[in-house]
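Colleague: Next come a sequence and a model predicted from it.
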Amino acid sequence: MLRSPSVSDGSGNNIEYGISLPKDLKTRCIGSNFRRLYGGQKSVIQIMDDDFSTDLIIHGRRKSGRTIGWILGLAKWMHGNKADDELKALIIIKTINDRKTIANILKYYLQGTDHSIYVSEDEKPVGNIFYTLRGKSIWFINELDLKKLSKDCEHELPNNLTKIKFIIIDSYETFQGLQYDLVSVNTYLENYLTLMRRRNYKYILILVCRLLVKYCHEYAYDYMKSNYKPIEVTPLTDTITYSLRRCEFFTQPFNGFPSF
């Protein structure tokens, strides 16, 4: 039986999570051989593996596999790049339970690497970013941390935030639309992204949501279409049952990523 992954809870302690994850997450997992990749997921993985800057929006209907698409893309990139004590990914997810669940899945796919994950709590922001996140590759960040990050990046970038490769904002079924996403990107991350662009640092900004037209106000939809490369994630076929897409990785070792 695969040992339950553990991640830091923000207090220096590791929390052990069991293998009982929500059923819809289990059915969206791809499995060790990447069989039955959903439409669009392969494109997401390939884009995340490229060495250029882009703003990407991943959208699709419920249970289309949006979240697991970027999880696979991030994990694949991490397997190809060794940890160097610098943060590589900021992942913004609204609730602590969702952050823990997704960190749990990502931890599985990082088996065989020396990358580690830090998960922020809801109650308070990270104290000293440099010391708290030293040696961490991935930071599941909360809204209080975003506000602190914005203030810290008014004039200069903290040293351990200059190597960020991925900034991912995932609505993850908890709330609808892009209002929270737009606020996060345009307000909390504005100072940080401005400094990143000014220094020509390469990074990939990813927004993840459901159907754009249904949940966006008109101005937000136009903004997204003009500023982000859209990738719609849809199942390969509606006739495939979820039982056929169920993966069993919770009870077996991760076998690595295939070549595309």
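Modeller: Received the coordinates, thanks. Just so you know, these numbers come straight off a predicted model, no measurement behind them.
Colleague: quick one: contacts for A83?
Modeller: Shown in contact with A83 (Cβ atoms under 8 Å, 6 or more residues apart in numbering): 113-116, 135, 137. (C-beta placed from N, C-alpha, C; glycine too.)
Colleague: quick one: which of the residues you listed is most hemmed in?
Modeller: Highest neighbour count within these: S137, with 25 neighbours (other Cβ atoms under 10 Å).
Colleague: quick one: the strands in this structure?
Modeller: 6-8, 14-16, 54-59, 89-93, 117-119, 138-141, 166-170, 204-209, 229-232 (DSSP state E).
Colleague: In CSV: those, plus mean neighbour count, mean pLDDT and distance to E190.
Modeller: Putting the strands of the chain into CSV (neighbours: other Cβ atoms under 10 Å; pLDDT from 0 to 100; distance: least, Cβ to Cβ, whole Å) gives the following:
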stretch, mean neighbour count, mean pLDDT, distance to E190
strand 6-8, 19, 40, 28
strand 14-16, 12, 32, 32
strand 54-59, 21, 83, 14
strand 89-93, 25, 90, 14
strand 117-119, 22, 93, 23
strand 138-141, 26, 92, 15
strand 166-170, 23, 89, 12
strand 204-209, 24, 85, 12
strand 229-232, 16, 80, 20
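Colleague: how about the ones you listed in JSON lines, adding distance to I102?
Modeller: As requested, these are exported to JSON lines (distance: least, Cβ to Cβ, whole Å):
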{"stretch": "strand 6-8", "distance to I102": "10"}
{"stretch": "strand 14-16", "distance to I102": "14"}
{"stretch": "strand 54-59", "distance to I102": "14"}
{"stretch": "strand 89-93", "distance to I102": "6"}
{"stretch": "strand 117-119", "distance to I102": "9"}
{"stretch": "strand 138-141", "distance to I102": "7"}
{"stretch": "strand 166-170", "distance to I102": "7"}
{"stretch": "strand 204-209", "distance to I102": "11"}
{"stretch": "strand 229-232", "distance to I102": "19"}
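Colleague: quick revisit: closest to P230 among the contacts of A83?
Modeller: P230 lies nearest to S137 out of the contacts of A83, by Cβ to Cβ, at 27.7 Å.
Colleague: can you name the two of the contacts of A83 that are farthest apart?
Modeller: Most distant of those, by Cβ to Cβ, are T113 and G135, 13.1 Å apart.
Colleague: what about the strands of the chain, which gets the closest to K147?
Modeller: Closest to K147 of those, according to Cβ to Cβ: strand 138-141, at 10.5 Å.
Colleague: what sits up against that closest one?
Modeller: Taking Cβ under 8 Å, 6+ apart as the rule, strand 138-141 contacts 74, 78, 87-93, 99, 102-103, 106, 115-120, 133, 145, 149.
Colleague: Direction included, what does it pair up with?
Modeller: Strand 138-141 has its sheet partners listed here by DSSP bridges as strand 89-93 (parallel), strand 117-119 (parallel).
Colleague: tell me the angle the first one makes with strand 166-170.
Modeller: Between the axis of strand 89-93 and that of strand 166-170 there is an angle of 10 degrees, by axes from the mean of the first three to the mean of the last three Cα atoms, to 10 degrees.
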